[in-house]
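J.: with the input below, show me the fold.
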Amino acid sequence: LVNLTVLDLSFNRIKRVENLDSLTNLKKLFFVNNRISKIENLSTLSELEMLEFGSNKIRKLENIDHMAKLTQLYVGKNKIPTIENLDSLTNLTLLSIQGNRLTKIAGLDKLVNLEQLYLSENGITEIGGLDNLLKLQILDLAYNFITKIENLSHLTELEEFWFNDNKVSSWDQIEHLRTLKSLRTLYMERNPIYFTDSERTKHDPAYRRKIMLALPNLRQLDANLTGVGL
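T.: Numbering: from 1, shown residues only. Got it, this is the predicted structure:
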């Protein structure tokens, strides 16, 4: 087993990460849907390029700072409150921390090669902490509690912005996306601007037209193609 490069232990009832020390050539490791509460006992796995811990009971990002070759890290659907201990993972291109307990975006300053960042279904209230992520192409902040679109203008490579199911109530906020020259896909539905009433039952028939006027280069708005560039 020493030469094993991919190991998938998903959908078991594993409570503890252990007995992997000899698998020093592992490149991909999957632990999806187990009962793991702590990231540990991975110190010999310095060749890992992908690590997937989705749907567990993890409360802290830790014990992965030796994985300098890691390009993809998935820890969605856990109980993580803070983005931390990732500074040495400078080769990360994809980070997914969806469905956790985050309340702010932080701890990403050193991840300058990040291209995809997935932070949906958390408790985030404002956009920030993205200053150094100049290579970002996909940003998913859907299902949070954000009222303002801000601190994005430097993301010149951003192509997809998922922002549905947030708290944007002012159409002025859409103007802040005009500087994103690469933006082609936008999800904004079910923000307050999507509705014409406070009960959120009546969909604004002008919603689509208003966004396309502000962002005429969009190729996809929510689930619908716009016809631009076809």
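J.: what score does the residue lying closest to Ser43 once chain neighbours are set aside have for pLDDT?
T.: Closest residue to Ser43 apart from its sequence neighbours, by Cβ to Cβ, 6 or more residues apart in numbering: His66 at 6.4 Å. All C-beta spots, glycine's among them, are computed from the backbone N, C-alpha and C. In the predicted model, His66 carries a pLDDT score of 96.
J.: burial count for His66?
T.: Per other Cβ atoms under 10 Å, the neighbour tally for His66 reads 15.
J.: so it: helix, strand or coil?
T.: Using DSSP: H, G, I helix; E, B strand; the rest coil as the criterion, the local structure at His66 reads coil.
J.: doesn't Leu51 make contact with it?
T.: No - with contact defined as Cβ atoms under 8 Å, His66 and Leu51 do not form a contacting pair (11.9 Å).
J.: center of this structure - which residue?
T.: In the chain, the residue lying closest to the centroid (Cα atoms, centre = their mean) is Tyr118, at 0.8 Å.
J.: remind me which residues of the chain are low pLDDT?
T.: For the chain, applying pLDDT under 70 flags the ranges 230.
J.: just the helices in it please.
T.: Per DSSP state H, the chain has helices spanning 207-214. These are given in chain order.
J.: can I get stretch 212-226 in PDB? Just the C-alpha atoms.
T.: Backbone C-alpha positions of stretch 212-226 (Å, rounded to 0.1, in the frame of the first residue of the first chain) are rendered in PDB as follows:
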ATOM      1  CA  MET A 212     -28.800  43.500 -17.200                       C
ATOM      2  CA  LEU A 213     -28.900  47.300 -17.600                       C
ATOM      3  CA  ALA A 214     -26.200  47.600 -15.000                       C
ATOM      4  CA  LEU A 215     -24.200  44.600 -16.100                       C
ATOM      5  CA  PRO A 216     -24.700  44.200 -19.900                       C
ATOM      6  CA  ASN A 217     -21.800  41.700 -20.300                       C
ATOM      7  CA  LEU A 218     -23.400  39.000 -18.100                       C
ATOM      8  CA  ARG A 219     -23.800  35.700 -19.800                       C
ATOM      9  CA  GLN A 220     -25.800  34.000 -17.000                       C
ATOM     10  CA  LEU A 221     -28.100  35.500 -14.400                       C
ATOM     11  CA  ASP A 222     -29.200  33.000 -11.800                       C
ATOM     12  CA  ALA A 223     -30.100  29.800 -13.600                       C
ATOM     13  CA  ASN A 224     -30.800  31.500 -16.900                       C
ATOM     14  CA  LEU A 225     -28.500  32.300 -19.900                       C
ATOM     15  CA  THR A 226     -28.800  36.000 -20.900                       C
END
